[in-house]
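Participant: Turn this into a structure:
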Amino acid sequence: TSQLQSADGVRQNLYGIDPIQYYAAMYVPTLFQGTEFRAGRLWTPFGYESLEGWSTPFVSRSYAFNWCPPFTHMGVGMYSKFSKNWSGVFMLANGNDVWFVPEQEPRFVGNLSWTSGSGNDTLTFGTSIGRGKFNAGRPFNPATIGLQTEPA
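Facilitator: Numbering: from 1, shown residues only. Just a heads-up that it's a prediction; the model follows:
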């Protein structure tokens with residue numbers, strides 16, 4: 001039975017399971033001032049608004065929150081603290097907000113952050129580098145709902 005199919009196989013289940021973040025991690029305290037390696041579905045390491053509550057200072061969301069940044073990446077990441085003030089996240093990801101699918105091409109996603117000595121001020125430079133191209137040679141045809149010929 002598919003995740004989006006009801007147990008009887010007749011109706012479509014609209015309430016699938018979608019954990020926002022899951023990964024395997026390994027911490028190496030002797031690499032720089034501590035480095036964590038993660039593999040799985042990871043938060044995007046840049047952007048001010050996020051799905052994770054602890055890193056989002058706003059109670060409400062902007063209109064751009066729905067359409068602009070990716071929220072998660074499938075891939076591997078290195079999360080390092082270089083000094084008291086400098087840290088960075090370096091990821092090799094397979095697209096934005098998708099599973100490991102051959103239609104997406106790998107890209108680099110990361111940031112470099114400076115935090116003041118008091119910890120009150122932070123400056124972060126983030127980027128995503130890669131073609132970010134959808135491979136049209138591998139067509140993707142997901143099931144839809146709400147077409148005129150489908151039951152409501």
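Participant: For the lowest-mean-pLDDT helix or strand in the chain, which strands pair with it and how are they oriented?
Facilitator: Across the helices and strands of the chain, mean pLDDT, DSSP states H and E gives its lowest value to strand 122-129, namely a mean of 86. Here strand 122-129 is paired, per DSSP bridges, with strand 106-115 (antiparallel).
Participant: so what's Phe37 up against?
Facilitator: Neighbouring residues of Phe37 by Cβ atoms under 8 Å, 6 or more residues apart in numbering: Ala25, Met26, Tyr27, Val28, Val76, Gly77, Met78, Tyr79. All C-beta atoms are positioned from the backbone trio N, CA, C, and that covers glycine.
Participant: Return the member of these nearest to Ala39.
Facilitator: Val76 (4.7 Å; Cβ to Cβ).
Participant: The closest one contacts Met26, correct?
Facilitator: No. Val76 is not in contact with Met26 according to Cβ atoms under 8 Å; the separation is 10.8 Å.
Participant: how near is Phe100 to Thr127?
Facilitator: According to Cβ to Cβ, to the nearest Å, Phe100 stands 22 Å off from Thr127.
Participant: Same check on Asn96?
Facilitator: According to Cβ to Cβ, Asn96 stands 13 Å off from Thr127.
Participant: could you pull out the strands for this structure?
Facilitator: With DSSP state E as the criterion, the chain has strands at 22-28, 35-43, 72-81, 86-94, 106-115, 122-129.
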